[in-house]
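Enquirer: Provide a 3D model corresponding to the input given below.
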Amino acid sequence: MEKRLLFVCAANVCRSPLMQFEFSGLVAADGGSGEWRLQSAGAHVAGSLPVCSVVDEILARDGVAHDDVAAHRSRQIDADLIEDADLVITASLAERAVVARLVPTARERTFTLREANVLSADVTGAASLDEVAVELNKRRAYGLLPTVRAGWSFGRPHPLDIPDDHGSRAPKHAGTLSAARAYIRTFHTQLARALAEA
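Expert: Model (predicted):
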């Protein structure tokens with residue numbers, strides 16, 4: 001059965017394409033590319049744009065198929081993309097909210113990447129990506145997720161977010177995307193383990 005995974009960020013030029021193509025490279029290395037349909041989109045897309053240069057450099061270093069990366073053009077999220085996905089992974093709570101507004105029933109299968117990593121840490125025995133989503137949604141009630149602590153300010157990212165640093169200075173932007181790369185690698189490992197016994 002095909003596993004349908006959708007990644008969402010704000011503009012679909014940095015975080016979500018990085019997640020999509022990094023995950024794609026990892027499943028290709030596992031020999032399971034044909035089992036997955038991986039897509040990405042943005043909540044606030046400003047035209048049909050390629051991936052940003054920092055993402056291009058990170059993916060090139062990782063040996064991800066450059067033709068696929070070069071062909072990428074940003075696209076706006078819509079209800080059809082959401083409804084077609086078994087699991088939706090967003091960069092931040094803001095994009096998670098956009099997905100839920102567009103398709104309220106998708107709330108139960110939409111998670112930020114950092115949220116999914118916490119919730120999927122010891123999931124095993126799922127027969128499908130749908131079952132993984134059901135299990136992650138159940139675990140939201142377990143009190144596993146980090147919360148905003150006293151002293152947190154609106155100038156700092158939420159603990160479940162990968163912030164949008166596209167307009168920031170290059171070192172900060174590269175650091176955020178390198179962290180996102182590490183998060184997607186963790187997610188791939190945990191998802192592969194969750195589905196391994198299926």
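Enquirer: Return the residues in contact with R139.
Expert: By CB atoms under 8 Å, 6 or more residues apart in numbering, the residues touching R139 are L119. The way it works is simple: take the backbone N, C-alpha and C, and place the C-beta from them, glycine included.
Enquirer: Next up, identify which helix or strand it is on.
Expert: Assessed by DSSP states H and E, R139 sits inside helix 129-139.
Enquirer: Would you mark the buried spots in that helix?
Expert: 129, 131-133, 135-136, 139 (16 or more other CB atoms under 10 Å).
Enquirer: likewise stretch 105-119?
Expert: Those would be 106, 109-119, for stretch 105-119 by 16+ other CB under 10 Å.
Enquirer: Could you dump those into a markdown table and include distance to R4, secondary structure and pLDDT?
Expert: Listed next are the buried residues of stretch 105-119 as a markdown table, based on distance: CB to CB, whole Å; DSSP: H, G, I helix; E, B strand; the rest coil; pLDDT from 0 to 100:
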| residue | distance to R4 | secondary structure | pLDDT |
| --- | --- | --- | --- |
| A106 | 12 | helix | 98 |
| R109 | 10 | helix | 98 |
| T110 | 13 | strand | 98 |
| F111 | 15 | strand | 98 |
| T112 | 18 | strand | 97 |
| L113 | 17 | helix | 98 |
| R114 | 21 | helix | 96 |
| E115 | 19 | helix | 96 |
| A116 | 15 | helix | 97 |
| N117 | 20 | helix | 96 |
| V118 | 22 | helix | 95 |
| L119 | 19 | helix | 96 |
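Enquirer: Need the residues you listed in TSV (columns: distance to D62).
Expert: Output for the buried residues of stretch 105-119, formatted as TSV (distance: CB to CB, whole Å):
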residue	distance to D62
A106	30
R109	27
T110	26
F111	24
T112	22
L113	17
R114	20
E115	24
A116	20
N117	19
V118	24
L119	25
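Enquirer: mind checking how far stretch 177-194 is from the chain centre?
Expert: Between the centre of stretch 177-194 and the centre of its chain there are 9 Å (CA atoms, centre = their mean, to the nearest Å).
Enquirer: Also stretch 132-148?
Expert: A distance of 16 Å separates the centroid of the chain from that of stretch 132-148, by CA atoms, centre = their mean.
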